[in-house]
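> fold the following and give me the result.
(2 chains)
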Amino acid sequence: MMATVAARELADGEVVFVGIGLPNLACNLARRTHAPNLVLIYESGAVGATPSRLPVSIGDPALVTGSLMVCGMADVFQLFLQNGRIEVGFLGGAQVDRHGNINTTVIGPYERPKVRLPGSGGAAEIAIHAQRILIISKLSPRTFPERVDFITSPGQRVKRVITDKGVLEPDKAGGELVLAGLYPGVEAADVQREVGWKLRARPTLARLDPPSRAELQLLREVLDPQRLYLKS
Amino acid sequence: MSMQDAVARFVRDGDVVVIEGFTHLISFAAGHEIIRQRRRDLTLCRLTPDLIYDQMIAAGCARKLVFSWAGNPGVGSLHAFRRAVEGGTLEIEEYSHFGMVARFSAGAARLPFWTLRDYTGTDLPRANPRIKSVTCPYTGETLATVPALNPDVTIVHAQRADAQGNAQIWGLLGVQKEAAFASQRVIVVVEELVEERVIRSDPNRTLIPAAIVSAVVVEPWGAHPSYAQGYYDRDNDFYVGWEAISRDRTELAHYLDEFVYGVQGRAEYMEKQPRLKERLKAAEQYSAGVNYGF
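So this is what the prediction gives:
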């Protein structure tokens, strides 16, 4: 469901900075359905990649074979990202807060962390330079606190947070994340239970359709037959 | 030169050491040799420390780590790294990928720092005071800066080079060119040694010229479990399996005993795992080739 909702966010012809896991599934689903001209750019330097297998890492050799361009990482960050060529960036994180800030650095204080996470990678600059940011993350009170312990990626450009129960969006006034849509069978209270702040809702909530039979078939039989990222 | 000699001559205790390669072409063979020669107090720098620095941290080679993303890609944590940081025994200096790329770019251009539009609204400058800012003398804009990184030694794995060290790389290029040009010494490790005429037949593919290379080491399969495009695939099973090994100190020590201290070098490492080659050998997919004539 998350991969499908994320795929529908992408318009044909857009230039997308792709992460590994669900974002990668979403982009490849979009490419095979409504957005055949989506341009996938991976931070490893593959531009216009058409991976023939689901990449386990962001530097998989299948991203290179048959791509349009392979460039060094200085070019990725300076000529594509900082240049403003990236329209959509996907991010995820250990924590996402009320204002869409993301933490992938530490749980607890930086100097004496309770849990040391991997760190930014490209996430800081993706959040700053991509024209719109989509976050994909499963809901839980631990993942959605009112404030993150560390801001790895600032939330200003977040346009949508795609979760396993519904979708959050920043409100126009203060950029606070509010409930914008629910999946079939989910109620607002189900989402509130997983979120660490008093969650406001849009006056009308979007209805988010489950994956179609064709989308499901693509996801299960073509894109992730080994169920690396799909859970059901 | 043999890997043993190259490390003995060019990697010293206390050095700032870079083994670069973004997922692709990571010289595990060099990392293992540094562990075997028991180098100490190294400052290890890489965008993604990956399994090789996890192993070097576990083996006690590192005093400090400079990095931008320390995880096991697609799998989870680097546990030796996490234990060292959470236990306060490893000094860290942390950037983002762009920040690390910019540090190498400054180092390669022999400038003191590099400017970038980054870090506004993040806590990274608070965590790392070496991330600073400068006012643009032309526009008045505030730009982030990171200091040049000039390693003592950079080790780069390449698909092929000639005996002088003109090294050609294809597939993901990472930040190897910048890291090599930034470095005082450069060790090039290759899958294949080729004649100079092979290099000259396709000069656009040369990433690192012999002029900056201190040593050339021929070490087939020297990047495993990382990969070499056109030679062998990434050993994703090994990366997945590392989770359980690195989580447990004893398991990790056993791994190092068997596959690092317990072998003379890469050839013996490969002999111990006779089925690797068959499982990971690359399929053929050649490029069309171009006309260099005039």
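> for the rest of this, base every contact and every neighbour count on C-alpha atoms.
Noted.
> now the helices: where do they sit in chain B?
Using DSSP state H, the helices of chain B run over residues B:3-10, B:28-36, B:50-58, B:79-86, B:97-108, B:124-127, B:176-182, B:196-200, B:236-247, B:249-256, B:266-271, B:276-280.
> save the ones you listed as JSON lines, and put in distance to residue A:8, mean neighbour count and mean pLDDT too.
Listed next are these as JSON lines, based on distance: least, Cα to Cα, whole Å; neighbours: other Cα atoms under 10 Å in any protein chain shown; pLDDT from 0 to 100:
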{"stretch": "helix B:3-10", "distance to residue A:8": "51", "mean neighbour count": "17", "mean pLDDT": "98"}
{"stretch": "helix B:28-36", "distance to residue A:8": "41", "mean neighbour count": "23", "mean pLDDT": "98"}
{"stretch": "helix B:50-58", "distance to residue A:8": "34", "mean neighbour count": "24", "mean pLDDT": "98"}
{"stretch": "helix B:79-86", "distance to residue A:8": "37", "mean neighbour count": "21", "mean pLDDT": "94"}
{"stretch": "helix B:97-108", "distance to residue A:8": "29", "mean neighbour count": "26", "mean pLDDT": "98"}
{"stretch": "helix B:124-127", "distance to residue A:8": "33", "mean neighbour count": "16", "mean pLDDT": "98"}
{"stretch": "helix B:176-182", "distance to residue A:8": "37", "mean neighbour count": "26", "mean pLDDT": "98"}
{"stretch": "helix B:196-200", "distance to residue A:8": "47", "mean neighbour count": "14", "mean pLDDT": "98"}
{"stretch": "helix B:236-247", "distance to residue A:8": "30", "mean neighbour count": "16", "mean pLDDT": "96"}
{"stretch": "helix B:249-256", "distance to residue A:8": "44", "mean neighbour count": "16", "mean pLDDT": "98"}
{"stretch": "helix B:266-271", "distance to residue A:8": "46", "mean neighbour count": "16", "mean pLDDT": "98"}
{"stretch": "helix B:276-280", "distance to residue A:8": "36", "mean neighbour count": "13", "mean pLDDT": "97"}
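> now do the domain split for chain B, please.
Following automatic domain parsing, one finds the domains of chain B at B:3-41+B:150-280, B:113-147.
> any bit of the last one sitting next to chain A?
Yes - residues of domain B:113-147 are located near chain A by Cα under 8 Å from any Cα of the partner chain, namely B:117-124, B:127.
> hmm, who's touching stretch A:213-229?
Stretch A:213-229 has contacts (Cα atoms under 8 Å, 6 or more residues apart in numbering or on different chains) with A:4, A:21-22, A:25, A:28-29, A:33, A:53-54, A:230.
> filter these to the buried ones?
Buried by 16 or more other Cα atoms under 10 Å in any protein chain shown: A:4, A:21-22, A:25, A:28-29, A:54, A:230, out of the contacts of stretch A:213-229.
> out of those residues, who's nearest chain B?
Checking these against chain B with Cα to the nearest Cα, the nearest one is residue A:21 at 7.4 Å.
> so what's that closest one up against?
Going by Cα under 8 Å, 6+ apart, residue A:21 touches A:56, A:229, B:74.
> and which of those residues is nearest to residue B:38?
Using Cα to Cα, residue B:74 comes nearest to residue B:38 of these, at 30.3 Å.
> any idea how far the closest one lies from chain A?
In this view, residue B:74 and chain A are 5 Å apart by Cα to the nearest Cα, to the nearest Å.
> phi first, then psi, for that residue.
Backbone torsions for residue B:74, taken as degrees, to the nearest 10, come to phi 70, psi 0.
> same check, this time on residue A:124
phi -60, psi -50.
> equivalent analysis for residue A:58, please.
Per degrees, to the nearest 10, the backbone of residue A:58 is at phi -70, psi -10.
> pretty sure it contacts residue A:46?
No - using Cα atoms under 8 Å, residue A:58 is not in contact with residue A:46; the gap is 9.5 Å.
> of all the helices of chain B, which one is nearest residue A:142?
Among these, if distance is taken as Cα to Cα, the winner is helix B:79-86, at 19.9 Å.
> pull the residues that contact the closest one.
Against helix B:79-86 from outside (Cα under 8 Å, 6+ apart): A:112-116, B:54-55, B:57-58, B:70, B:90-92, B:243, B:246-247, B:249.
> do that again at 7 Å, thanks
Defining contact as Cα atoms under 7 Å, 6 or more residues apart in numbering or on different chains, one finds that helix B:79-86 is touched by A:112-114, A:116, B:54, B:57-58, B:90, B:246-247.
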